[in-house]
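Trainee: output the structure for:
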Amino acid sequence: METLAAAAPALTAPVLTAPALGVPVDAALRDAVADPVLRELLADEPAQDAPPPCDRPPPSVRLRPIGLCAAWSHHAADLALPLGAELQRWEETPTTAAMVARGEIVRLLPGVFLPPDLLGTSVRRALALGCALGEHLQSHHVIAGRSAAWVHLGGRPPASLELLSPAHRGILAGVVQRHARLGPGDIDTVGGAPVTTPRRTASDLLRFSPEAIARPLLRRLERAGLVEHEELRAHLHRLHRHPGVQEARERLDRALTPLAARSDTAQQDGTGRCGPRRAPEQPPTVRPLAGVRLEGPLITARSERTGPLSSP
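Mentor: As a prediction, this is how the structure comes out:
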């Protein structure tokens with residue numbers, strides 16, 4: 001049997017038949033491709049009904065970059081774009097530790113740093129923590145505890161990032177996560193990032209942080225006008241069934257002085273402000289003029305200074 005039938009003049013294409021027994025298939029294909037009629041049919045010619053090529057370039061597609069805080073909100077993702085571009089990832093070495101101690105960089109998480117001049121507002125501080133978490137950030141993560149106090153007050157961030165979440169706690173390096181049910185009054189939105197309110201932040205500090213750390217932060221929150229003793233005590237009273245509340249009340253009295261106690265140890269001045277009691281003023285000491293005779297038990301009093309007389 002022939003491997004390739006001869007092309008008749010009336011046919012437009014050759015007729016391919018199965019190769020004969022014992023003839024390799026590759027050899028049959030080579031013979032078929034070598035046929036001039038088949039080569040003409042397989043020539044790279046455009047189809048007759050194909051549309052003409054377009055001279056205009058296709059419209060450009062603008063790709064919108066996704067921010068590192070997109071898990072929180074689109075608003076947070078937009079605001080976090082410049083912060084994400086400035087993130088610095090370095091190894092933890094004595095050199096980086098010295099740079100952190102000198103205030104040249106700020107450590108957000110182990111190995112994640114930012115320049116301190118980018119953290120001047122509460123919005124930037126909150127978004128910086130979300131950028132540091134990167135792909136590990138979840139929509140239910142709420143900045144809490146010492147990290148929330150840093151967002152509200154500034155200063156140096158804590159060594160560990162603290163988060164509250166109603167979902168199951170995960171394990172992340174450099175992150176302390178606690179499970180909690182948060183109400184609408186417990187969360188503030190700072191630049192699209194969820195942060196516990198100053199009142200909830202203060203109560204969490206009293207319940208979970210060491211007293212040596214919680215006390216100065218509570219006083220800073222009070223001086224900033226963000227919390228008050230009576231407000232915190234009322235809030236802790238509503239949490240009477242939560243763990244650590246009784247100890248938190250005792251810590252509160254040691255950290256912040258109630259308003260009534262401050263009134264007992266202060267006096268009202270002419271401006272209506274309370275201040276510490278002043279010591280009774282001593283009568284002014286009169287320095288006699290040199291060479292002047294005084295009436296009374298003193299006979300004379302002379303100044304050790306020589307020269308012409310001068311008024312005191």
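Trainee: can you give me the helices in the chain?
Mentor: Using DSSP state H, the helices of the chain run over residues 25-33, 36-41, 74-85, 94-101, 122-133, 145-153, 198-208, 211-223, 229-238, 245-255, 259-264.
Trainee: quick one: mean pLDDT for the fourth one?
Mentor: In this case it means helix 94-101. In this model, helix 94-101 has a mean pLDDT of 95.
Trainee: got it, and the longest one?
Mentor: In this model, helix 211-223 carries a mean pLDDT of 94.
Trainee: pull it out as PDB, backbone CA atoms only.
Mentor: This file holds the C-alpha atoms of helix 211-223, laid out as PDB (Å, rounded to 0.1, in the frame of the first residue of the first chain):
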ATOM      1  CA  GLU A 211       1.000  47.300  87.000                       C
ATOM      2  CA  ALA A 212       4.400  48.800  86.400                       C
ATOM      3  CA  ILE A 213       3.500  49.200  82.700                       C
ATOM      4  CA  ALA A 214      -0.200  50.000  83.100                       C
ATOM      5  CA  ARG A 215       0.100  52.800  85.600                       C
ATOM      6  CA  PRO A 216       2.200  55.300  83.600                       C
ATOM      7  CA  LEU A 217       0.000  54.600  80.500                       C
ATOM      8  CA  LEU A 218      -3.200  55.300  82.500                       C
ATOM      9  CA  ARG A 219      -1.800  58.500  83.800                       C
ATOM     10  CA  ARG A 220      -0.900  59.600  80.300                       C
ATOM     11  CA  LEU A 221      -4.400  58.800  79.100                       C
ATOM     12  CA  GLU A 222      -5.800  60.800  82.000                       C
ATOM     13  CA  ARG A 223      -3.500  63.800  81.300                       C
END
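Trainee: give me the angle between that helix and helix 229-238.
Mentor: 120 degrees (axes from the mean of the first three to the mean of the last three CA atoms, to 10 degrees).
Trainee: go on, the fourth one?
Mentor: Using the same axes, to 10 degrees, the inter-axis angle of helix 94-101 relative to helix 229-238 is 120 degrees.
Trainee: how about the contacts made by P216?
Mentor: With contact set as CB atoms under 8 Å, 6 or more residues apart in numbering, P216 has no partners. The way it works is simple: take the backbone N, C-alpha and C, and place the C-beta from them, glycine included.
Trainee: now it: how far from R233?
Mentor: 19 Å (CB to CB, to the nearest Å).
Trainee: likewise for L81?
Mentor: Taking CB to CB, one finds L81 at 42 Å from R233.
Trainee: likewise D204?
Mentor: Here D204 is placed at a distance of 15 Å from R233 (CB to CB).
Trainee: neighbour count: these two, which is higher?
Mentor: Each of D204 and R233 has its neighbours counted (other CB atoms under 10 Å); D204 has more, 24 against 15.
Trainee: show me the contacts for that one.
Mentor: 144-145, 148, 164, 196.
Trainee: which one among these gets closest to A128?
Mentor: A148 (13.4 Å; CB to CB).
Trainee: so the closest one sits right up against V195, yeah?
Mentor: Yes - the pair A148 and V195 passes the contact test of CB atoms under 8 Å, sitting 5.2 Å apart.
Trainee: more neighbours: the two, which one.
Mentor: More neighbours surround A148 than the other of A148 and V195, with 33 against 26 (other CB under 10 Å).
Trainee: could you report the pLDDT at the more buried one?
Mentor: Per-residue pLDDT puts A148 at 98.
Trainee: show me what contacts L161?
Mentor: With contact taken as CB under 8 Å, 6+ apart, L161 is in contact with 108-109, 129, 132-133, 143, 147, 174-176.
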